[in-house]
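**Q** model this:
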Amino acid sequence: MEILLILVLLVAALFIFYYNRIITLENRVNNALSQVDVQLKRRNDLIPNLVSTVKGYAAHETGVFDRVTQARERMLSAGSIEEKSAASNQLTQALRSVFAIAEAYPDLKADANFRELQGQLEETENKIAYSRQFFNDTVLDFNNTVTTIPGMFVAQPLGKRAKPFFETDEATRQVPNVSF
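**A** Model prediction:
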């Protein structure tokens with residue numbers, strides 16, 4: 001009888017431990033996603049200023065500016081992690097095209113406003129990369145807990161499933177091809 005009581009208490013303690021761990025890790029995932037969102041919003045807020053500055057020098061490159069505007073709108077309306085990831089990748093590609101255009105205009109590269117905006121965007125991109133890495137590390141911890149034994153026996157009844165990573169697609173890793 002005592003052994004049964006000890007076994008029941010041990011199972012209850014294990015359940016409580018994993019329940020608290022899963023909830024804590026899920027809160028960390030939500031916090032990490034919030035940090036990614038903060039940096040993505042910062043980038044989205046900087047883009048209109050950058051585009052208007054570059055437009056003054058390269059007004060005939062309207063296709064690039066349209067792609068930036070469309071990508072920014074997709075980023076603002078993205079809801080899920082997958083949508084945010086895809087929209088962020090499209091926006092990164094579009095911004096690379098803007099910076100490639102800037103290389104062809106020495107006056108633009110010398111413009112103080114453009115240089116400041118470019119510096120802020122580069123800093124923000126670095127923060128986004130760090131935030132994504134932190135988010136993905138946090139998701140990995142959560143996913144490992146809810147998909148391995150014994151955590152999965154606690155997670156499944158609670159409806160906790162593995163979460164998606166914030167991924168970069170192959171096209172985003174490529175250098176843009178811009179011709180004049």
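
**Q** Point out where the protein drops to low pLDDT.
**A** 59-60, 169-180 (pLDDT under 70).

**Q** ok, now with 90
**A** Low-confidence segments of the chain (pLDDT under 90): 1, 43-72, 74-82, 84-122, 125, 167-180.

**Q** where do the helices sit along it?
**A** Ranges of helices in the chain, per DSSP state H, are 2-55, 62-77, 81-103, 106-110, 112-147, 151-158, 170-173.

**Q** between the second one and helix 81-103, how big is the angle?
**A** Counting by axes from the mean of the first three to the mean of the last three Cα atoms, to 10 degrees, helix 62-77 points 150 degrees away from the direction of helix 81-103.

**Q** Give me the distance between helix 62-77 and the centre of its chain.
**A** Centroid separation for helix 62-77 versus its chain: 17 Å, with Cα atoms, centre = their mean, to the nearest Å.

**Q** got JSON lines for the helices of the chain, with mean neighbour count and distance to Pro164 too?
**A** Any C-beta I mention is one placed from the backbone N, CA and C, and that applies to glycine too. Listed next are these as JSON lines, based on neighbours: other Cβ atoms under 10 Å; distance: least, Cβ to Cβ, whole Å:
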{"stretch": "helix 2-55", "mean neighbour count": "15", "distance to Pro164": "10"}
{"stretch": "helix 62-77", "mean neighbour count": "16", "distance to Pro164": "17"}
{"stretch": "helix 81-103", "mean neighbour count": "19", "distance to Pro164": "5"}
{"stretch": "helix 106-110", "mean neighbour count": "12", "distance to Pro164": "38"}
{"stretch": "helix 112-147", "mean neighbour count": "17", "distance to Pro164": "7"}
{"stretch": "helix 151-158", "mean neighbour count": "16", "distance to Pro164": "16"}
{"stretch": "helix 170-173", "mean neighbour count": "11", "distance to Pro164": "17"}
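
**Q** May I have stretch 6-23 as CSV, with CA atoms only?
**A** Coordinates of each C-alpha in stretch 6-23 appear next as CSV, following Å, rounded to 0.1, in the frame of the first residue of the first chain:
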residue,chain,number,x,y,z
ILE,A,6,4.7,6.6,-3.2
LEU,A,7,4.2,5.7,-6.8
VAL,A,8,1.1,7.9,-7.1
LEU,A,9,2.8,10.8,-5.4
LEU,A,10,5.8,10.3,-7.7
VAL,A,11,3.6,10.4,-10.8
ALA,A,12,1.7,13.4,-9.5
ALA,A,13,5.0,15.3,-8.8
LEU,A,14,6.3,14.4,-12.3
PHE,A,15,3.0,15.6,-13.8
ILE,A,16,3.2,18.9,-11.9
PHE,A,17,6.9,19.4,-12.8
TYR,A,18,6.3,18.9,-16.5
TYR,A,19,3.0,20.9,-16.5
ASN,A,20,4.9,23.9,-15.0
ARG,A,21,7.9,23.3,-17.4
ILE,A,22,5.6,23.3,-20.5
ILE,A,23,3.7,26.4,-19.4
